[in-house]
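Trainee: No letters, just coordinates:
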């Protein structure tokens, strides 16, 4: 399997001094799976929509199965330099529908929702978007993992995020996030022998 | 710092069940450095030449310094399905010169040579190419790390590579490779506090 994971800084693992992020932890032990971490700091759904096909195309090969994971939304909800929301809610949903319908027509696809950060006003936007993204994924039969709800209630995550730059956790927070996937049936179906 | 590392499966960390590869190990602890692992299995110098600018362009930002590392050569030396060398020696050197001159005109750049695998005939090609790549990098004043020579003499690396698929090591081999960088002055200048 060749797994391409597209997203933002949370996919990249920004802030993890152990350099594993959630993706390294949630795929550990699966030696035969080739993992491509294609998280880019600051990326919105629009950025990912514009690059995922080209970058996946250079990584998938005819002789091995390709699979995709998408995880975005936090940057869409943040304000730009002028104080305007970077991507309007409906534009995010349009990007998500375009990405997921295009991707799921050709490859198995999972989607992971946006996590909470250390700013209540942004979290209110993320929470609303999370529900709308889950509905959009459901319409396309793409399995969607809500991480917002469990992480908002997780003291480790919220403390870890607040302790550094207000958005990114360290090793402990990424381990919490990884465990949400290793118990998620859709993830477990892809990584049945995951040791995490 | 935003670090983009372009290369092949050895950059990707293919075969490491701990999902760190050499790059995760050699950058561990540097929490403020954003690392983009842009290694792609099977990529030759021609593949990297065709994609590095677009992929780096989507990851570098005006408000943070960008740096680049390139590591390729093994796939160039392998044969294709018809038994022909995938990339001729002079074409590899032309690709390397184009990549390094273009990149080093705009960003700080390091280059890492190709490692030995478990096939003597291919290793003979790699060893010859390694010397030529080192000379090409020297002409452009790009620091070059020869890993072929120390790894060929390293029993851990050679045993690890032979044990799985004949090309890729596991966690032990990647740890050996990472330590070559953490003692390399050019790497240490970029990661002075690396804990590895």
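Mentor: Noted; the coordinates are in hand. It should be emphasised that the depicted structure is a prediction, and the values quoted were computed from it without experimental measurement.

Trainee: switch to C-alpha atoms for all contacts and neighbour counts from now on
Mentor: Will do.

Trainee: Regarding the most centrally placed residue in chain A, what are the backbone dihedral angles?
Mentor: Centroid check for chain A by CA atoms, centre = their mean gives residue A:71 as the closest residue, at 2.3 Å. Main-chain dihedrals, residue A:71, degrees, to the nearest 10: phi -150, psi 110.

Trainee: I'd say it and residue A:112 touch.
Mentor: Yes. Using CA atoms under 8 Å, residue A:71 is in contact with residue A:112, at 4.7 Å.

Trainee: rewinding a little: how about the contacts made by the residue nearest to the centre of chain A?
Mentor: Residue A:71 makes contact with A:5-8, A:11, A:111-114, according to CA atoms under 8 Å, 6 or more residues apart in numbering or on different chains.

Trainee: Just to be sure, which of those are found in strands?
Mentor: Of the contacts of residue A:71, the ones assigned to strands by DSSP state E are A:5-7, A:111-112.

Trainee: List the buried residues of stretch A:178-193.
Mentor: Judged by neighbour count using 16 or more other CA atoms under 10 Å in any protein chain shown, the buried positions of stretch A:178-193 are A:178, A:180-182, A:186-187, A:190-191.

Trainee: Please list the residues outside that stretch that contact it.
Mentor: A:22-23, A:25-27, A:29-30, A:110, A:143, A:145, A:147, A:194, A:196.

Trainee: Can I have the buried ones of those residues as a ChimeraX selection?
Mentor: With 16+ other CA under 10 Å as the criterion, this ChimeraX line picks the buried residues out of these:
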select /A:22,23,25,26,27,29,30,110,143,145,147,194
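
Trainee: From the contacts of stretch A:178-193, list the ones also adjacent to chain B.
Mentor: Among the contacts of stretch A:178-193, the residues lying close to chain B (CA under 8 Å from any CA of the partner chain) are A:25, A:27, A:29-30.

Trainee: any idea how far residue B:47 is from the nearest residue to residue A:175 once chain neighbours are set aside?
Mentor: Leaving aside its sequence neighbours, residue A:175 sits nearest to residue A:22 (CA to CA, 6 or more residues apart in numbering or on different chains; 6.2 Å). To residue B:47, residue A:22 is 29 Å away according to CA to CA, to the nearest Å.

Trainee: now residue A:125
Mentor: For residue A:125, the distance to residue B:47 - CA to CA - is 41 Å.

Trainee: What's the biggest helix in chain A, counting residues?
Mentor: helix A:120-139 (DSSP state H).

Trainee: So which bits of that one are buried?
Mentor: A:122-123, A:125-127, A:129-130, A:132-134, A:136-137.

Trainee: Same list (the ones next to chain B among the contacts of stretch A:178-193) but as JSON lines, adding secondary structure and distance to residue A:84.
Mentor: Compiled in JSON lines, those are given as follows (DSSP: H, G, I helix; E, B strand; the rest coil; distance: CA to CA, whole Å):
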{"residue": "A:25", "secondary structure": "helix", "distance to residue A:84": "35"}
{"residue": "A:27", "secondary structure": "coil", "distance to residue A:84": "37"}
{"residue": "A:29", "secondary structure": "coil", "distance to residue A:84": "43"}
{"residue": "A:30", "secondary structure": "coil", "distance to residue A:84": "42"}
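
Trainee: So what's the residue count around the closest residue to residue A:59 other than its chain neighbours?
Mentor: Spatial nearest neighbour of residue A:59, chain neighbours left out: residue B:40 (6.3 Å); criterion: CA to CA, 6+ apart. By the criterion of other CA atoms under 10 Å in any protein chain shown, residue B:40 has 24 neighbours.

Trainee: So which residues on chain A come close to chain B?
Mentor: So chain A meets chain B at A:12, A:14-20, A:24-25, A:27-32, A:34-38, A:40-41, A:55, A:58-59 (CA under 8 Å from any CA).

Trainee: in chain A, what spans have low per-residue confidence?
Mentor: Filtered on pLDDT under 70, chain A yields the residue ranges A:194-196.

Trainee: and if we set it to 80?
Mentor: By pLDDT under 80, the low-scoring segments of chain A are A:193-196.

Trainee: Now do the helices in it.
Mentor: A:9-12, A:21-26, A:45-57, A:74-77, A:89-104, A:120-139, A:148-152, A:155-163, A:171-182, A:185-190.

Trainee: Lovely, talk soon.
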